[in-house]
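Asks: Could you work out the structure for the sequence below:
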Amino acid sequence: MSIDIEKVRKFFFKAMVVGWVADGEEDRSNSIPGLKEIHYCDGSLQLVDSFVVNSDAGKSAGQTMIFRLEKDMSPRPLWYMSYGGRYEKRAIPFLKQVLKDSYKEKLFHGCRGPQFVDGSDMSYHNELTGETTTFSQFGGREKIVEHRTNRMLGYHQYYGMSLM
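Replies: Numbers count the residues shown, from 1 in each chain. This next block holds a predicted model:
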């Protein structure tokens, strides 16, 4: 059974709208201490968003993977994104809202938020890097800046690609 990248892209946005940005239910039953996972399935496609947070340092890292479940239920990896960096706690609700809005609108800008969003006291910036900037291969850096002080409240580096 073949699947095209456009179907995977549509599934990504559908799954991400109900995931971390919507405070999706976390599965903590895995064997890695502190690792949190959010799962979403639709038919034969499955998304797993896994991440860890060091609350002392405010740093986080994670990965989002999309699989197709074969008839024997074995997973075949189709797509991958990794991310890591740090955010101050007060920036996280704004980050979640920016990402949720982007996912609802199905906007691709490195599978994160749009290039720029101006909030009431913070702004979100996202810059794609590298030569390839499609859903099949991309990378970049996002950040949130406080308006009053122009101080960066956090960032994530990210990279992703099709595995098909």
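Asks: measure the residue lying farthest from the centre of the chain to residue 9 for me?
Replies: Taking C-alpha atoms, centre = their mean, the residue of the chain most remote from its mean C-alpha position is residue 72, at 28.4 Å. Note on residue 72: its distance to residue 9, by C-beta to C-beta, to the nearest Å, is 26 Å. Heads up, the C-betas are built off the backbone N, CA and C, glycines and all.
Asks: so where's the longest strand in this protein?
Replies: strand 75-87 (DSSP state E).
Asks: other SSEs contacting the helix or strand just after that one?
Replies: Sequence order places helix 92-104 as the next helix or strand after strand 75-87, per DSSP states H and E. Under the contact criterion of 3 or more C-beta pairs under 8 Å, 6 or more residues apart in numbering; DSSP states H and E, helix 92-104 touches helix 5-17, strand 122-128.
Asks: Give me the sheet partners of the last one and which way each runs.
Replies: Spelled out, that is strand 122-128. Paired strands of strand 122-128, with direction, are strand 116-118 (antiparallel), strand 137-146 (antiparallel) (DSSP bridges).
Asks: got the buried residues for the helix or strand following the longest one?
Replies: What that stands for is strand 137-146. Moving toward the C-terminus from strand 137-146, the next helix or strand (DSSP H and E) is strand 152-162. Using 16 or more other C-beta atoms under 10 Å as the test for burial, strand 152-162 gives 153-156, 158-162.
Asks: could you give the mean pLDDT of stretch 20-33?
Replies: Averaging pLDDT along stretch 20-33 yields 66.
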